[in-house]
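Novice: Following is a predicted model, sequence given first.
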Amino acid sequence: MDNQTILVVDDTISNLDVICNLLEDYDILTATSGIDALEILEDENVDLIILDIMMPEMDGFEVCKRLRDAKKTRDIPILFITASTDEDSIEKAYEVGGTDYITKPFKPKELLAKVAMQLDLVSKTHNLEKLIEIQLEQLRDKDALLMEQLKKAEMGQMISTIAHQLKQPLTVISGMMSSMLMDDMLGRDVDVNTLCLKVQDEASFMAEIIDMYRTFFSTDIEKKSLNLEKIIEDTLYILSGSVANIRFIKNYQKDLEPIKIYKNEIIQCLMNIIKNAQDNQDENNIYEKVIKISTYKEDEYQVITIHDNGGGIPEEIKDKIFDNYFTTKSKDAGTGIGLHLVKQIVEEKHHGEVYVKNEKLTYNDKSVLGAKFFIKLKIS
Ligand SMILES: Nc1ncnc2c1ncn2[C@@H]1O[C@H](COP(=O)(O)OP(=O)(O)OP(=O)(O)O)[C@@H](O)[C@H]1O
Ligand SMILES: [Mg+2]
C-alpha cells in the first residue's frame, strides 16, 4: 500500500509541531483551523484525521459532524485530541462520529499505537474492499459468459427451426416449378397465372416466418396488450422443429382478455420451461412425451400452467431450482440460469409469481407424475 496520509488539525502551532515530529514516518498534512481542514479534505485523500476539539470559530465537534455528512469523508477515522480526561467531551466525541481519542499532554507511545492501529484498520478495510470488488467482477464475468452460452444454445435451436420452417415453402415452390417444366417438356398446357399466384402465396408465407423471428430477436421496449393463447401458440411454433416428438394437450380459457406483458420475455419463459420438461422426459426415457398447457384467470392474475409427465422434481432440490446457477445437468447441457431468468421476468417485470408442484398428469386413461409450473401474471 502507498504511504498513508494523516491530516493533523490543531490551532496551536507548537502542538502541531510535536505531533508532526512524532509521526515523521507518515505523510502529514496540517491545518490550523476547522475551515482550513475542510478545504484541504475537498482536494486531498486522507487516511486518518487527528482533530483538536478546542478551536476558535469552528470546533472539532462541528468539523467532525460535517465530515460525517459528506460522502467523501464519511468513513475516514477521526482521532480527537481532548484537553484532559474530560468525560463530557469524550462522550460527545463519540456521539458526533469520532473513532477514538487521545488526551493532552500526549504520551508518544499511546499516540503512535493508536495511529498505527487506525491506519492498519484502514488498510485492511481497503484490502477487503478490493477483494470484494475483484470477486464481484469475477461473478459479473461469469454471469455474462453463462448468459452468452444460454443465448447461443437458444439461437442454435432457433436457427435450426427457422431453417426447417423455411424449407417447407421452398420445397413446395421447387416442386411446382419442376412439374411446370415437366408439363412444358411434355407439351402440356401450363397455367402460368395460377402457378405464379401459388408461388406468391408461398413467398409471402416465408416473409411472415422471417418477420416473426425478426421481432423475436428484438428486445421489448414496452408492454403490449396481448392474448396469452396467441403467445403460447407463437412459442410452440418457434419450437416446432425441436418439440415434434411431444404431444401437447391444450386447455385455454377462451374468454381471457388481452393482458399487458413483455411478449418476447414471456416467450423466453415458456421456452425455458418447455425445454426443461423435454430434457427431463428425455433423461427419464419417457416414451410417450406429453405436456399439457393451460390458461385461466384467478383473482387479479392470468395464469399459465405447463404440466409434463417426466416424473416430477425430486423433493430435495425443489427449493433450489429457481436459484441462479442451480443445475443437475452436465456442464455442456445446462447453465442453471433458465429458471432463475424465468423468476426474474415473472416477478420483477410482471409483478407475478412462479412456482412448481409435482402433480399427476392424466391423459389416455393414464395418470403419470410430472412437474407442473405455474406462471401467474398480474392483470394491471
Ligand atoms: N420439468 C422438470 N422436471 C424435473 N426437473 C426439472 C424440471 N425443470 C427443471 N428441473 C430441474 O431444475 C434444474 C434447474 O433448471 P434450469 O432451467 O434453471 O437450469 P438447467 O435446465 O439445468 O440449465 P439451463 O440454464 O441451461 O436451462 C434443472 O437442472 C433440473 O434439475
Ligand atoms: Mg433449463
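Specialist: That came in fine, so what should we check first? Note that the coordinates shown come from a computational prediction; the quantities given were computed from them, not determined experimentally. Ligands and ions are numbered 1, 2, ... in the order given.

Novice: Now Lys92: which helix or strand?
Specialist: For Lys92, the element it lies in under DSSP states H and E is helix 87-95.

Novice: which SS class is the residue of the stretch 101-250 of the chain found nearest ligand 2?
Specialist: Ranking the residues of the stretch 101-250 of the chain by distance to ligand 2 (CB to the ion) places Leu150 first, at 8.4 Å. C-beta here means a position set from N, CA and C on the backbone, and glycine is covered the same way. Under DSSP: H, G, I helix; E, B strand; the rest coil, Leu150 falls in the helix class.

Novice: Please report how far it lies from Ala333.
Specialist: Note on Leu150: its distance to Ala333, by CB to CB, to the nearest Å, is 12 Å.

Novice: more crowded one of these two?
Specialist: In terms of neighbours (other CB atoms under 10 Å), Leu150 is the more surrounded of Leu150 and Ala333; the figures are 18 against 11.

Novice: ok, now which ones touch that one?
Specialist: Applying CB atoms under 8 Å, 6 or more residues apart in numbering, we find Leu150 in contact with 335, 337-338, 341.

Novice: now do Lys329
Specialist: By CB under 8 Å, 6+ apart, the residues touching Lys329 are 279, 336.

Novice: cool, and Lys275?
Specialist: 239, 338.

Novice: Just the mean pLDDT for the helix or strand harbouring it, thanks.
Specialist: Assigned by DSSP H and E, Lys275 belongs to helix 263-283. Rounded to a whole number, the mean pLDDT of helix 263-283 is 92.

Novice: What are the buried residues along that helix?
Specialist: 263-281 (16 or more other CB atoms under 10 Å).

Novice: Now look at it and say if it contacts ligand 1.
Specialist: Yes. Judged by CB under 6 Å from any ligand atom, helix 263-283 comes into contact with ligand 1 at 272, 276-277, 280.

Novice: does any bit of that helix sit next to ligand 2?
Specialist: Yes. Helix 263-283 reaches ligand 2 (CB under 5 Å from the ion) through Asn276.

Novice: Let me see the residues that make contact with the helix or strand that that helix is followed by.
Specialist: With elements assigned by DSSP H and E, the helix or strand that comes after helix 263-283 is strand 289-298. Residues outside strand 289-298 that contact it (CB under 8 Å, 6+ apart) are 228-229, 232, 245-253, 256, 274, 277-278, 281, 302-310, 361, 363, 368, 376, 379.

Novice: got the angle between the helix holding Lys275 and strand 289-298?
Specialist: Helix 263-283 and strand 289-298 are oriented at 140 degrees to each other (axes from the mean of the first three to the mean of the last three CA atoms, to 10 degrees).

Novice: CA atoms of helix 263-283 as PDB?
Specialist: Below are the C-alpha coordinates for helix 263-283, written out as PDB (Å, rounded to 0.1, in the frame of the first residue of the first chain):
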ATOM      1  CA  LYS A 263     -44.100 -10.600 -25.200                       C
ATOM      2  CA  ASN A 264     -40.600 -11.900 -26.000                       C
ATOM      3  CA  GLU A 265     -39.700 -12.300 -22.400                       C
ATOM      4  CA  ILE A 266     -42.800 -14.400 -21.700                       C
ATOM      5  CA  ILE A 267     -42.000 -16.400 -24.800                       C
ATOM      6  CA  GLN A 268     -38.500 -17.000 -23.300                       C
ATOM      7  CA  CYS A 269     -40.000 -18.100 -20.000                       C
ATOM      8  CA  LEU A 270     -42.300 -20.600 -21.800                       C
ATOM      9  CA  MET A 271     -39.400 -21.900 -23.900                       C
ATOM     10  CA  ASN A 272     -37.200 -22.400 -20.900                       C
ATOM     11  CA  ILE A 273     -39.900 -24.300 -19.000                       C
ATOM     12  CA  ILE A 274     -40.900 -26.400 -22.000                       C
ATOM     13  CA  LYS A 275     -37.200 -27.200 -22.800                       C
ATOM     14  CA  ASN A 276     -36.700 -28.300 -19.200                       C
ATOM     15  CA  ALA A 277     -39.700 -30.600 -19.300                       C
ATOM     16  CA  GLN A 278     -38.400 -32.100 -22.500                       C
ATOM     17  CA  ASP A 279     -34.900 -32.500 -21.000                       C
ATOM     18  CA  ASN A 280     -36.400 -34.300 -18.100                       C
ATOM     19  CA  GLN A 281     -38.600 -36.600 -20.200                       C
ATOM     20  CA  ASP A 282     -35.600 -37.500 -22.300                       C
ATOM     21  CA  GLU A 283     -33.500 -38.200 -19.200                       C
END
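
Novice: if we can go back for a sec, could you export the residues of helix 263-283 next to ligand 1 as JSON lines, including distance to Asp27?
Specialist: Shown next, in JSON lines, are these (distance: CB to CB, whole Å):
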{"residue": "Asn272", "distance to Asp27": "56"}
{"residue": "Asn276", "distance to Asp27": "59"}
{"residue": "Ala277", "distance to Asp27": "64"}
{"residue": "Asn280", "distance to Asp27": "63"}
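
Novice: surely Leu377 meets Val346?
Specialist: Yes. Contact criterion CB atoms under 8 Å: Leu377 and Val346 qualify, at 7.0 Å.

Novice: what about the closest residue to ligand 2 within the chain, how many residues close to it?
Specialist: Closest approach between the chain and ligand 2, counting by CB to the ion: Gly338, at 2.9 Å. Neighbours of Gly338 under the rule other CB under 10 Å: 25.

Novice: Distance of it relative to Ala144?
Specialist: According to CB to CB, Gly338 stands 16 Å off from Ala144.

Novice: and what of Thr73?
Specialist: For Thr73, the distance to Ala144 equals 35 Å [CB to CB].

Novice: So between those two, which is more surrounded?
Specialist: More crowded of Thr73 and Ala144, by other CB under 10 Å: Thr73, with 20 against 10.

Novice: okay, and for the stretch 101-250 of the chain, where does confidence drop off?
Specialist: Across the stretch 101-250 of the chain, the ranges flagged by pLDDT under 70 are 216-219.

Novice: what ranges do the helices span in the stretch 1-150 of the chain?
Specialist: 13-22, 34-43, 60-69, 87-95, 108-185 (DSSP state H, counting those that start in this stretch).
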